[in-house]
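1. this is a predicted model, with the sequence first.
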Amino acid sequence: MTLEMDPPTASVPALGSYASETDLVLTGKLISMRYLVSALRRRRAIWMWGAVVGLVLGTAFHIVVPRTYSAYATLYMAHAPGTDEAVGMGNDVALLNNLAVSRRAIALLKEPSLNPTKILGKAPGRSISDNVMVVTITGPSAAEAVRRVNAVTTAFLAFRAKQYNAQDDDIVKGLNGQIKSLQSQVDGLTTTINKNTDSTQLTQLVDQRSQEEGTIANLQQTQQQDRLDTLSIVQATRVLTSGTNINRSTVKLFAVDGLSGLGVGLALGMGLVVLQALASDRVRRRDDVASLVGAPVAVSAGPVRRVRWSMRGGQAVRATGFRPPPELKPVVRYLLNRVVNSGQRGLLIVAVDRAELPAVAMAAVAATLAKQGKRVVLSDLADTRDFKAMFGGTDKPIQKVRIGNQAVTLFSPGRELGPEDSRAAWELSPDRWSRSDYVLAVANVDLALGAAHLRYWNEVVVAVTAGGSNPQRISATAELLAASGITPVSSILFDADKDDDGSGLLSISARAEGALALQHASSTMDWG
(Lines give C-alpha, C1' and ligand atoms only; values in the text may rest on other atoms or scores of the structure.)
Protein backbone atom coordinates (compact mmCIF):
# COMPACT_ATOMS: atom_id res chain seq x y z
CA MET A 1 0.00 0.00 0.00
CA THR A 2 1.23 3.50 -0.77
CA LEU A 3 0.77 6.21 1.87
CA GLU A 4 0.19 9.64 0.31
CA MET A 5 0.77 12.69 2.42
CA ASP A 6 2.07 16.23 2.12
CA PRO A 7 5.04 16.43 2.45
CA PRO A 8 6.92 13.10 2.33
CA THR A 9 5.54 9.84 0.98
CA ALA A 10 5.94 6.59 2.91
CA SER A 11 5.13 3.01 1.97
CA VAL A 12 2.91 1.18 4.47
CA PRO A 13 2.38 -2.61 4.32
CA ALA A 14 -1.00 -4.30 4.63
CA LEU A 15 -2.49 -5.19 8.01
CA GLY A 16 -2.40 -8.96 7.88
CA SER A 17 -5.43 -11.00 6.91
CA TYR A 18 -8.03 -8.33 7.63
CA ALA A 19 -6.50 -5.43 5.63
CA SER A 20 -6.47 -4.75 1.93
CA GLU A 21 -4.32 -2.72 -0.44
CA THR A 22 -5.53 0.90 -0.69
CA ASP A 23 -4.31 4.46 -0.70
CA LEU A 24 -4.54 6.27 2.64
CA VAL A 25 -4.29 10.06 2.80
CA LEU A 26 -2.95 11.58 6.01
CA THR A 27 -3.04 15.35 6.18
CA GLY A 28 -1.35 16.09 9.51
CA LYS A 29 -1.28 19.41 11.33
CA LEU A 30 -0.45 22.54 9.38
CA ILE A 31 0.97 25.30 11.57
CA SER A 32 -0.37 28.45 9.97
CA MET A 33 -2.05 31.67 10.98
CA ARG A 34 -5.40 30.18 10.00
CA TYR A 35 -4.74 27.18 12.23
CA LEU A 36 -3.93 29.43 15.21
CA VAL A 37 -6.94 31.70 14.52
CA SER A 38 -9.14 28.61 14.40
CA ALA A 39 -7.73 27.46 17.76
CA LEU A 40 -8.40 30.90 19.24
CA ARG A 41 -11.95 30.87 17.89
CA ARG A 42 -12.58 27.34 19.09
CA ARG A 43 -11.30 27.99 22.59
CA ARG A 44 -12.44 31.57 22.85
CA ALA A 45 -13.99 30.88 26.24
CA ILE A 46 -10.49 30.62 27.75
CA TRP A 47 -9.14 33.96 26.58
CA MET A 48 -12.50 35.70 26.97
CA TRP A 49 -12.70 34.57 30.58
CA GLY A 50 -9.05 35.55 30.99
CA ALA A 51 -9.93 39.05 29.80
CA VAL A 52 -12.93 39.21 32.15
CA VAL A 53 -10.88 38.03 35.12
CA GLY A 54 -8.15 40.52 34.25
CA LEU A 55 -10.72 43.32 33.99
CA VAL A 56 -12.23 42.43 37.37
CA LEU A 57 -8.84 42.10 39.09
CA GLY A 58 -7.57 45.32 37.53
CA THR A 59 -10.69 47.25 38.55
CA ALA A 60 -10.63 45.79 42.06
CA PHE A 61 -6.91 46.38 42.53
CA HIS A 62 -7.35 49.67 44.39
CA ILE A 63 -10.18 48.19 46.44
CA VAL A 64 -7.79 45.60 47.87
CA VAL A 65 -4.65 47.76 47.75
CA PRO A 66 -5.27 51.30 49.10
CA ARG A 67 -4.86 54.05 46.54
CA THR A 68 -1.83 56.33 46.87
CA TYR A 69 -1.82 60.07 46.16
CA SER A 70 1.05 62.05 44.70
CA ALA A 71 2.24 65.63 45.20
CA TYR A 72 5.14 67.49 43.63
CA ALA A 73 7.39 70.48 44.35
CA THR A 74 9.62 72.40 41.92
CA LEU A 75 13.12 73.53 42.97
CA TYR A 76 15.63 75.88 41.39
CA MET A 77 19.12 74.43 41.81
CA ALA A 78 22.06 76.89 41.67
CA HIS A 79 25.55 75.62 40.91
CA ALA A 80 29.05 76.96 41.29
CA PRO A 81 30.22 79.32 38.50
CA GLY A 82 32.29 77.64 35.81
CA THR A 83 30.93 74.13 36.47
CA ASP A 84 28.96 71.90 34.06
CA GLU A 85 25.29 72.54 34.89
CA ALA A 86 24.16 69.11 33.61
CA VAL A 87 26.72 67.33 35.78
CA GLY A 88 25.72 69.46 38.76
CA MET A 89 22.03 68.61 38.26
CA GLY A 90 22.85 64.92 37.99
CA ASN A 91 24.69 65.16 41.32
CA ASP A 92 21.71 66.93 42.90
CA VAL A 93 19.27 64.21 41.72
CA ALA A 94 21.57 61.55 43.16
CA LEU A 95 21.97 63.55 46.39
CA LEU A 96 18.17 63.68 46.84
CA ASN A 97 17.86 59.90 46.86
CA ASN A 98 19.79 59.57 50.13
CA LEU A 99 18.81 57.97 53.43
CA ALA A 100 20.02 61.04 55.30
CA VAL A 101 17.42 63.13 53.46
CA SER A 102 14.61 60.65 54.22
CA ARG A 103 15.60 60.45 57.91
CA ARG A 104 15.68 64.24 58.19
CA ALA A 105 12.24 64.43 56.47
CA ILE A 106 10.80 61.83 58.87
CA ALA A 107 12.11 63.88 61.76
CA LEU A 108 10.39 66.97 60.37
CA LEU A 109 7.15 65.00 59.92
CA LYS A 110 7.47 63.61 63.48
CA GLU A 111 6.45 60.15 62.28
CA PRO A 112 9.25 57.77 63.29
CA SER A 113 7.21 54.77 62.12
CA LEU A 114 7.70 55.70 58.45
CA ASN A 115 10.12 53.60 56.42
CA PRO A 116 13.10 55.76 55.36
CA THR A 117 13.46 53.83 52.11
CA LYS A 118 9.78 53.84 51.08
CA ILE A 119 9.07 57.50 51.80
CA LEU A 120 11.27 58.59 48.87
CA GLY A 121 10.23 55.82 46.49
CA LYS A 122 12.38 54.64 43.59
CA ALA A 123 12.98 57.96 41.81
CA PRO A 124 11.80 60.94 43.87
CA GLY A 125 13.48 63.59 41.70
CA ARG A 126 13.86 64.30 38.02
CA SER A 127 15.45 67.20 36.19
CA ILE A 128 13.45 69.12 33.60
CA SER A 129 16.36 71.45 32.81
CA ASP A 130 19.93 72.07 33.98
CA ASN A 131 18.66 74.14 36.93
CA VAL A 132 15.08 72.97 37.64
CA MET A 133 14.21 69.80 39.53
CA VAL A 134 10.80 68.29 40.24
CA VAL A 135 10.41 66.27 43.46
CA THR A 136 7.44 63.84 43.56
CA ILE A 137 6.37 62.05 46.75
CA THR A 138 3.38 59.78 47.41
CA GLY A 139 1.15 59.51 50.47
CA PRO A 140 -2.01 57.77 51.70
CA SER A 141 -4.02 60.97 51.20
CA ALA A 142 -3.75 64.16 49.18
CA ALA A 143 -2.94 66.29 52.24
CA GLU A 144 -0.36 63.82 53.51
CA ALA A 145 1.34 63.69 50.12
CA VAL A 146 1.68 67.51 50.15
CA ARG A 147 3.01 67.45 53.71
CA ARG A 148 5.56 64.79 52.86
CA VAL A 149 6.85 66.46 49.71
CA ASN A 150 7.33 69.75 51.58
CA ALA A 151 9.22 67.93 54.34
CA VAL A 152 11.41 66.14 51.79
CA THR A 153 12.27 69.35 49.92
CA THR A 154 13.11 71.15 53.19
CA ALA A 155 15.26 68.24 54.32
CA PHE A 156 16.96 68.01 50.94
CA LEU A 157 17.83 71.71 50.72
CA ALA A 158 19.19 71.67 54.26
CA PHE A 159 21.21 68.52 53.55
CA ARG A 160 22.55 69.98 50.29
CA ALA A 161 23.52 73.27 52.02
CA LYS A 162 25.27 71.29 54.73
CA GLN A 163 27.24 69.36 52.10
CA TYR A 164 28.29 72.56 50.31
CA ASN A 165 29.28 74.21 53.61
CA ALA A 166 31.21 71.11 54.65
CA GLN A 167 32.99 71.13 51.30
CA ASP A 168 33.78 74.86 51.74
CA ASP A 169 35.06 74.26 55.28
CA ASP A 170 37.40 71.57 53.97
CA ILE A 171 38.71 73.92 51.28
CA VAL A 172 39.21 76.78 53.79
CA LYS A 173 40.91 74.40 56.17
CA GLY A 174 43.34 73.31 53.46
CA LEU A 175 44.01 76.90 52.42
CA ASN A 176 44.59 77.91 56.05
CA GLY A 177 47.20 75.22 56.32
CA GLN A 178 49.00 76.56 53.26
CA ILE A 179 48.71 80.14 54.53
CA LYS A 180 50.09 79.16 57.93
CA SER A 181 53.06 77.43 56.31
CA LEU A 182 53.77 80.40 54.05
CA GLN A 183 53.36 82.84 56.95
CA SER A 184 55.92 80.87 58.90
CA GLN A 185 58.32 81.19 55.97
CA VAL A 186 57.64 84.96 55.77
CA ASP A 187 58.34 85.36 59.48
CA GLY A 188 61.63 83.48 59.08
CA LEU A 189 62.61 85.64 56.13
CA THR A 190 61.82 88.80 58.12
CA THR A 191 64.07 87.68 60.98
CA THR A 192 66.89 86.91 58.54
CA ILE A 193 66.50 90.28 56.82
CA ASN A 194 66.70 92.14 60.14
CA LYS A 195 69.98 90.40 60.99
CA ASN A 196 71.61 90.55 57.54
CA THR A 197 73.95 93.49 56.57
CA ASP A 198 74.95 92.28 53.12
CA SER A 199 73.09 94.50 50.65
CA THR A 200 73.11 91.97 47.80
CA GLN A 201 71.76 89.12 49.90
CA LEU A 202 69.35 91.49 51.62
CA THR A 203 67.76 92.38 48.28
CA GLN A 204 67.20 88.69 47.40
CA LEU A 205 65.61 87.99 50.78
CA VAL A 206 63.26 90.94 50.47
CA ASP A 207 62.15 89.80 46.99
CA GLN A 208 61.51 86.27 48.23
CA ARG A 209 59.47 87.58 51.16
CA SER A 210 57.40 89.69 48.81
CA GLN A 211 56.60 86.63 46.67
CA GLU A 212 55.51 84.62 49.70
CA GLU A 213 53.33 87.47 50.93
CA GLY A 214 51.71 87.69 47.46
CA THR A 215 50.93 83.96 47.54
CA ILE A 216 49.35 84.36 50.96
CA ALA A 217 47.20 87.21 49.67
CA ASN A 218 46.05 85.06 46.71
CA LEU A 219 45.13 82.19 49.01
CA GLN A 220 43.19 84.50 51.30
CA GLN A 221 41.35 85.90 48.27
CA THR A 222 40.54 82.34 47.14
CA GLN A 223 39.11 81.63 50.60
CA GLN A 224 36.89 84.65 50.43
CA GLN A 225 35.72 83.85 46.87
CA ASP A 226 34.96 80.24 47.77
CA ARG A 227 32.87 81.33 50.75
CA LEU A 228 31.01 83.81 48.58
CA ASP A 229 30.33 81.11 45.94
CA THR A 230 29.06 78.68 48.58
CA LEU A 231 26.85 81.35 50.12
CA SER A 232 25.43 82.28 46.70
CA ILE A 233 24.73 78.62 45.83
CA VAL A 234 22.93 78.00 49.11
CA GLN A 235 20.94 81.23 49.02
CA ALA A 236 20.09 81.06 45.28
CA THR A 237 18.78 77.46 45.54
CA ARG A 238 15.13 77.79 46.48
CA VAL A 239 11.64 76.33 46.17
CA LEU A 240 9.85 77.55 43.07
CA THR A 241 6.60 75.68 43.71
CA SER A 242 5.75 74.20 47.09
CA GLY A 243 3.85 70.93 47.49
CA THR A 244 1.02 70.60 44.95
CA ASN A 245 -1.35 67.68 44.44
CA ILE A 246 -1.24 65.73 41.19
CA ASN A 247 -4.94 65.53 40.35
CA ARG A 248 -5.94 62.10 39.10
CA SER A 249 -9.57 61.28 38.42
CA THR A 250 -10.82 58.30 40.40
CA VAL A 251 -12.91 57.14 37.44
CA LYS A 252 -9.92 57.43 35.13
CA LEU A 253 -7.72 55.58 37.60
CA PHE A 254 -10.12 52.63 37.84
CA ALA A 255 -10.66 52.67 34.08
CA VAL A 256 -6.93 52.55 33.35
CA ASP A 257 -6.36 49.78 35.89
CA GLY A 258 -9.32 47.82 34.54
CA LEU A 259 -8.16 48.13 30.93
CA SER A 260 -4.63 47.19 31.94
CA GLY A 261 -5.92 44.08 33.70
CA LEU A 262 -8.11 43.28 30.71
CA GLY A 263 -5.13 43.51 28.36
CA VAL A 264 -2.93 41.33 30.56
CA GLY A 265 -5.67 38.72 31.03
CA LEU A 266 -6.44 38.70 27.31
CA ALA A 267 -2.77 38.29 26.39
CA LEU A 268 -2.25 35.47 28.91
CA GLY A 269 -5.40 33.64 27.79
CA MET A 270 -4.56 33.91 24.09
CA GLY A 271 -0.96 32.91 24.76
CA LEU A 272 -2.12 29.83 26.65
CA VAL A 273 -4.44 28.81 23.81
CA VAL A 274 -1.72 29.30 21.18
CA LEU A 275 0.83 27.29 23.19
CA GLN A 276 -1.67 24.47 23.71
CA ALA A 277 -2.53 24.48 20.01
CA LEU A 278 1.15 24.24 19.05
CA ALA A 279 1.84 21.45 21.54
CA SER A 280 -1.41 19.48 21.03
CA ASP A 281 -1.45 16.12 19.27
CA ARG A 282 -5.27 15.92 19.19
CA VAL A 283 -7.00 14.96 15.95
CA ARG A 284 -9.49 17.49 14.56
CA ARG A 285 -9.58 17.17 10.78
CA ARG A 286 -12.11 15.02 8.93
CA ASP A 287 -9.50 13.53 6.62
CA ASP A 288 -7.35 12.45 9.57
CA VAL A 289 -10.31 10.83 11.33
CA ALA A 290 -11.31 8.95 8.18
CA SER A 291 -7.73 7.76 7.64
CA LEU A 292 -7.27 6.56 11.20
CA VAL A 293 -10.68 4.91 11.55
CA GLY A 294 -10.59 3.36 8.11
CA ALA A 295 -14.08 4.59 7.25
CA PRO A 296 -15.22 7.83 5.62
CA VAL A 297 -16.69 10.64 7.71
CA ALA A 298 -20.29 10.52 6.49
CA VAL A 299 -21.52 13.47 8.56
CA SER A 300 -20.11 15.98 11.02
CA ALA A 301 -21.65 18.30 13.58
CA GLY A 302 -20.35 21.65 14.74
CA PRO A 303 -19.84 22.63 18.39
CA VAL A 304 -23.00 22.11 20.42
CA ARG A 305 -23.91 25.11 22.55
CA ARG A 306 -26.84 23.66 24.51
CA VAL A 307 -25.65 21.03 26.96
CA ARG A 308 -28.64 20.72 29.29
CA TRP A 309 -29.08 17.02 28.53
CA SER A 310 -25.89 16.19 30.47
CA MET A 311 -27.71 17.00 33.75
CA ARG A 312 -28.54 13.82 35.54
CA GLY A 313 -32.27 13.41 36.15
CA GLY A 314 -33.20 17.07 35.59
CA GLN A 315 -36.64 18.00 34.25
CA ALA A 316 -35.02 20.23 31.61
CA VAL A 317 -33.09 17.20 30.40
CA ARG A 318 -36.18 15.13 29.87
CA ALA A 319 -37.87 18.06 28.14
CA THR A 320 -35.06 18.36 25.58
CA GLY A 321 -34.27 14.68 25.25
CA PHE A 322 -36.46 14.22 22.16
CA ARG A 323 -35.47 17.54 20.58
CA PRO A 324 -31.76 17.45 19.91
CA PRO A 325 -29.84 20.70 19.48
CA PRO A 326 -29.81 22.10 15.92
CA GLU A 327 -26.15 21.18 15.53
CA LEU A 328 -26.99 17.47 15.91
CA LYS A 329 -29.89 17.34 13.47
CA PRO A 330 -27.68 16.33 10.47
CA VAL A 331 -26.32 13.44 12.55
CA VAL A 332 -29.84 12.36 13.57
CA ARG A 333 -31.03 12.45 9.94
CA TYR A 334 -28.03 10.40 8.83
CA LEU A 335 -28.57 7.77 11.54
CA LEU A 336 -32.29 7.53 10.70
CA ASN A 337 -31.50 6.96 7.03
CA ARG A 338 -28.84 4.43 8.01
CA VAL A 339 -31.29 2.48 10.20
CA VAL A 340 -34.21 2.55 7.80
CA ASN A 341 -32.35 1.97 4.53
CA SER A 342 -29.54 -0.42 5.52
CA GLY A 343 -31.73 -3.50 5.79
CA GLN A 344 -30.28 -4.23 9.24
CA ARG A 345 -32.27 -4.21 12.45
CA GLY A 346 -29.43 -3.00 14.63
CA LEU A 347 -27.17 0.04 14.63
CA LEU A 348 -24.22 0.50 16.99
CA ILE A 349 -22.27 3.73 17.57
CA VAL A 350 -18.80 3.15 18.98
CA ALA A 351 -17.65 6.35 20.71
CA VAL A 352 -13.89 6.68 20.69
CA ASP A 353 -13.95 9.39 23.37
CA ARG A 354 -17.07 11.23 24.56
CA ALA A 355 -20.26 9.19 24.41
CA GLU A 356 -22.67 11.97 25.49
CA LEU A 357 -23.25 13.49 22.05
CA PRO A 358 -23.69 10.12 20.28
CA ALA A 359 -26.13 9.16 23.06
CA VAL A 360 -28.23 12.29 22.46
CA ALA A 361 -28.31 11.67 18.71
CA MET A 362 -29.26 8.00 19.18
CA ALA A 363 -31.96 8.92 21.69
CA ALA A 364 -33.49 11.30 19.14
CA VAL A 365 -33.45 8.48 16.54
CA ALA A 366 -35.17 6.11 18.99
CA ALA A 367 -37.80 8.71 19.86
CA THR A 368 -38.53 9.39 16.19
CA LEU A 369 -38.91 5.68 15.38
CA ALA A 370 -41.12 5.13 18.42
CA LYS A 371 -43.42 7.96 17.35
CA GLN A 372 -43.71 6.19 14.01
CA GLY A 373 -45.01 3.11 15.85
CA LYS A 374 -41.77 1.11 15.78
CA ARG A 375 -40.65 -1.09 18.63
CA VAL A 376 -37.20 0.14 19.64
CA VAL A 377 -34.56 -1.13 22.05
CA LEU A 378 -32.05 1.49 23.20
CA SER A 379 -28.89 0.04 24.79
CA ASP A 380 -26.45 2.07 26.87
CA LEU A 381 -23.33 -0.07 26.47
CA ALA A 382 -21.05 2.88 27.30
CA ASP A 383 -22.70 3.17 30.74
CA THR A 384 -23.27 6.91 30.28
CA ARG A 385 -26.72 6.77 31.95
CA ASP A 386 -27.77 9.59 29.65
CA PHE A 387 -30.67 7.54 28.27
CA LYS A 388 -32.16 7.16 31.74
CA ALA A 389 -31.76 10.88 32.38
CA MET A 390 -33.32 11.91 29.07
CA PHE A 391 -36.22 9.47 29.18
CA GLY A 392 -36.77 9.67 32.93
CA GLY A 393 -35.87 6.04 33.54
CA THR A 394 -34.83 4.27 36.75
CA ASP A 395 -31.70 2.32 37.66
CA LYS A 396 -33.15 -1.03 36.51
CA PRO A 397 -31.03 -2.81 33.84
CA ILE A 398 -34.11 -3.35 31.62
CA GLN A 399 -37.11 -1.03 31.65
CA LYS A 400 -39.72 0.39 29.33
CA VAL A 401 -40.50 4.07 28.87
CA ARG A 402 -43.47 5.28 26.85
CA ILE A 403 -43.22 7.71 23.96
CA GLY A 404 -46.64 8.50 22.57
CA ASN A 405 -48.45 5.17 22.03
CA GLN A 406 -45.27 3.12 21.81
CA ALA A 407 -42.74 2.00 24.42
CA VAL A 408 -38.98 2.16 24.14
CA THR A 409 -36.98 -0.51 25.95
CA LEU A 410 -33.93 0.87 27.76
CA PHE A 411 -31.18 -1.67 28.40
CA SER A 412 -27.99 -1.01 30.34
CA PRO A 413 -25.73 -3.78 31.70
CA GLY A 414 -24.29 -1.29 34.19
CA ARG A 415 -20.72 -2.55 33.76
CA GLU A 416 -17.96 -2.91 31.20
CA LEU A 417 -17.86 -6.19 29.33
CA GLY A 418 -14.82 -8.08 28.12
CA PRO A 419 -14.24 -10.73 25.45
CA GLU A 420 -14.85 -13.46 28.00
CA ASP A 421 -18.43 -12.28 28.63
CA SER A 422 -19.91 -14.31 25.79
CA ARG A 423 -23.36 -14.61 27.37
CA ALA A 424 -23.51 -10.90 28.09
CA ALA A 425 -22.21 -10.15 24.58
CA TRP A 426 -25.10 -12.09 23.10
CA GLU A 427 -27.46 -10.17 25.41
CA LEU A 428 -26.21 -6.99 23.74
CA SER A 429 -26.76 -8.18 20.18
CA PRO A 430 -29.78 -7.36 17.99
CA ASP A 431 -30.64 -11.10 17.90
CA ARG A 432 -31.43 -10.99 21.61
CA TRP A 433 -34.24 -8.54 20.90
CA SER A 434 -35.91 -10.46 18.06
CA ARG A 435 -39.37 -9.06 18.79
CA SER A 436 -38.24 -5.47 18.32
CA ASP A 437 -38.13 -3.60 15.05
CA TYR A 438 -34.87 -1.81 15.75
CA VAL A 439 -32.05 -2.20 18.25
CA LEU A 440 -29.89 0.89 18.78
CA ALA A 441 -26.83 1.08 21.01
CA VAL A 442 -23.95 3.33 22.03
CA ALA A 443 -20.72 1.73 23.23
CA ASN A 444 -17.10 2.42 24.08
CA VAL A 445 -14.12 0.19 23.36
CA ASP A 446 -11.85 -0.38 26.30
CA LEU A 447 -8.35 -0.77 24.88
CA ALA A 448 -7.52 -3.25 27.64
CA LEU A 449 -10.62 -5.44 27.06
CA GLY A 450 -10.96 -5.35 23.28
CA ALA A 451 -14.09 -5.30 21.13
CA ALA A 452 -15.00 -8.98 20.84
CA HIS A 453 -18.24 -8.47 22.82
CA LEU A 454 -19.51 -6.23 19.98
CA ARG A 455 -18.98 -8.78 17.21
CA TYR A 456 -22.73 -9.51 16.83
CA TRP A 457 -23.35 -6.07 15.35
CA ASN A 458 -23.32 -5.64 11.57
CA GLU A 459 -24.04 -1.91 11.32
CA VAL A 460 -21.28 -0.08 13.24
CA VAL A 461 -20.57 3.65 13.10
CA VAL A 462 -17.51 5.13 14.84
CA ALA A 463 -17.97 8.52 16.56
CA VAL A 464 -15.01 10.83 17.22
CA THR A 465 -15.00 14.21 18.96
CA ALA A 466 -12.70 16.77 17.35
CA GLY A 467 -9.83 17.36 19.76
CA GLY A 468 -11.00 14.57 22.04
CA SER A 469 -8.43 11.90 21.18
CA ASN A 470 -4.91 11.54 19.86
CA PRO A 471 -4.06 9.48 16.74
CA GLN A 472 -2.92 6.51 18.78
CA ARG A 473 -6.27 6.02 20.52
CA ILE A 474 -8.34 6.39 17.37
CA SER A 475 -6.21 3.98 15.37
CA ALA A 476 -6.07 1.52 18.30
CA THR A 477 -9.87 1.51 18.53
CA ALA A 478 -10.18 0.91 14.79
CA GLU A 479 -7.61 -1.89 14.96
CA LEU A 480 -9.45 -3.64 17.82
CA LEU A 481 -12.71 -3.45 15.88
CA ALA A 482 -11.05 -4.89 12.81
CA ALA A 483 -9.40 -7.64 14.86
CA SER A 484 -12.86 -8.65 16.13
CA GLY A 485 -14.22 -8.85 12.58
CA ILE A 486 -16.14 -5.57 12.83
CA THR A 487 -16.16 -3.30 9.79
CA PRO A 488 -17.33 0.28 10.49
CA VAL A 489 -19.59 1.52 7.73
CA SER A 490 -18.79 5.18 8.38
CA SER A 491 -17.53 7.74 10.87
CA ILE A 492 -19.16 10.71 12.59
CA LEU A 493 -17.20 13.75 13.71
CA PHE A 494 -18.60 15.87 16.54
CA ASP A 495 -17.48 19.41 17.43
CA ALA A 496 -16.03 19.81 13.94
CA ASP A 497 -14.15 23.03 13.17
CA LYS A 498 -15.85 25.26 10.64
CA ASP A 499 -12.41 25.97 9.13
CA ASP A 500 -11.91 22.28 8.31
CA ASP A 501 -12.02 22.10 4.50
CA GLY A 502 -11.46 18.34 4.28
CA SER A 503 -14.25 16.11 3.00
CA GLY A 504 -13.37 13.01 5.04
CA LEU A 505 -14.48 10.82 2.12
CA LEU A 506 -11.93 8.10 1.42
CA SER A 507 -12.10 5.32 -1.12
CA ILE A 508 -10.87 2.63 1.25
CA SER A 509 -11.96 -0.86 2.25
CA ALA A 510 -13.24 0.23 5.66
CA ARG A 511 -10.49 -1.72 7.48
CA ALA A 512 -8.52 -0.23 10.35
CA GLU A 513 -5.33 0.88 8.65
CA GLY A 514 -4.84 4.04 10.73
CA ALA A 515 -2.75 2.39 13.44
CA LEU A 516 -0.13 0.92 11.10
CA ALA A 517 -0.09 4.05 8.98
CA LEU A 518 0.62 6.07 12.10
CA GLN A 519 3.55 3.82 13.04
CA HIS A 520 5.17 4.22 9.63
CA ALA A 521 4.45 7.92 9.28
CA SER A 522 5.21 9.11 12.83
CA SER A 523 8.82 9.93 11.99
CA THR A 524 7.81 12.35 9.24
CA MET A 525 4.37 13.61 10.28
CA ASP A 526 3.33 16.12 12.93
CA TRP A 527 -0.21 15.19 13.92
CA GLY A 528 -2.65 17.85 15.08
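-> Looks like it arrived, so ask away. Residues are numbered from 1 along each chain as shown.
2. contacts, neighbours, all on C-alpha from now
-> OK.
3. show me where pLDDT drops low in the stretch 101-250 of the chain?
-> Where the stretch 101-250 of the chain drops to pLDDT under 70, the residues are 196-199, 249.
4. quick one, helices of it?
-> Taking DSSP state H, counting those that start in this stretch as the criterion, the stretch 101-250 of the chain carries its helices at 116-120, 142-195, 199-236, 250-279.
5. relative to the whole chain's centre, how far out is the second one?
-> Its chain's average C-alpha position is 60 Å from that of helix 142-195, according to Cα atoms, centre = their mean, to the nearest Å.
6. helices or strands up against it?
-> strand 69-76, helix 99-109, strand 132-139, helix 199-236, strand 238-245 (3 or more Cα pairs under 8 Å, 6 or more residues apart in numbering; DSSP states H and E).
7. nearest to residue 504, of these?
-> Closest to residue 504 of these is strand 69-76 (Cα to Cα; 63.5 Å).
8. hang on, the earlier thing: among the helices and strands packed on helix 142-195, which comes closest to residue 273?
-> strand 69-76 (38.5 Å).
9. how about low-confidence regions in this structure?
-> 1-32, 34-35, 196-199, 249, 305-323, 392-395, 404, 414-429, 431, 506-528.
10. domain map for it?
-> 63-250, 285-515 (automatic domain parsing).
11. and among those domains, the most buried is which?
-> domain 285-515 (a mean of 20; mean count of other Cα atoms under 10 Å).
12. so where does residue 492 fall, helix or strand?
-> Here residue 492 sits within strand 490-494, counting by DSSP states H and E.
13. what helices or strands is that strand leaning on?
-> Using 3+ Cα pairs under 8 Å, 6+ apart, strand 490-494 is in contact with helix 286-293, strand 297-300, strand 460-465.
14. the shortest one: partners in the sheet, and parallel or antiparallel?
-> The strands that strand 297-300 pairs with in its sheet are strand 490-494 (parallel) (by DSSP bridges).
15. pull the residues that contact the strand it pairs with.
-> Contacts to strand 490-494, defined as Cα atoms under 8 Å, 6 or more residues apart in numbering, come from residues 286, 289-290, 293, 295-303, 331, 357, 460-466, 510.
16. try stretch 356-366
-> With Cα under 8 Å, 6+ apart, stretch 356-366 has contacts from 309-310, 321-324, 328-329, 331-332, 335-336, 349, 351, 376-378, 384, 386-387, 408, 440-442, 463, 494.
17. do a quick rundown of the strands in the stretch 351-500 of the chain.
-> 376-380, 398-403, 406-411, 438-444, 460-465, 490-494 (DSSP state E, counting those that start in this stretch).
18. would you turn those strands into CSV with distance to residue 281?
-> Shown next, in CSV, are these (distance: least, Cα to Cα, whole Å):
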stretch, distance to residue 281
strand 376-380, 30
strand 398-403, 40
strand 406-411, 36
strand 438-444, 21
strand 460-465, 14
strand 490-494, 17
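19. for residue 160, find the nearest of these.
-> Using Cα to Cα, those put strand 460-465 closest to residue 160, at 74.2 Å.
20. direction included, what does that closest one pair up with?
-> strand 346-351 (parallel), strand 490-494 (parallel).
21. could you dump those to TSV with distance to residue 47?
-> Putting those into TSV (distance: least, Cα to Cα, whole Å) gives the following:
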stretch	distance to residue 47
strand 346-351	29
strand 490-494	23
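22. which non-adjacent residue is nearest residue 136?
-> Among residues not flanking residue 136 along the chain, residue 72 sits closest, at 4.3 Å (Cα to Cα, 6 or more residues apart in numbering).
23. does the one you found touch residue 247 like I think?
-> No - assessed by Cα atoms under 8 Å, residue 72 is found out of contact with residue 247, at 10.8 Å.
24. next, the contact list for residue 50, please.
-> Residue 50 neighbours (Cα under 8 Å, 6+ apart): 262, 265, 266, 268, 269.
25. secondary structure class for it?
-> Of the three states, residue 50 takes helix according to DSSP: H, G, I helix; E, B strand; the rest coil.
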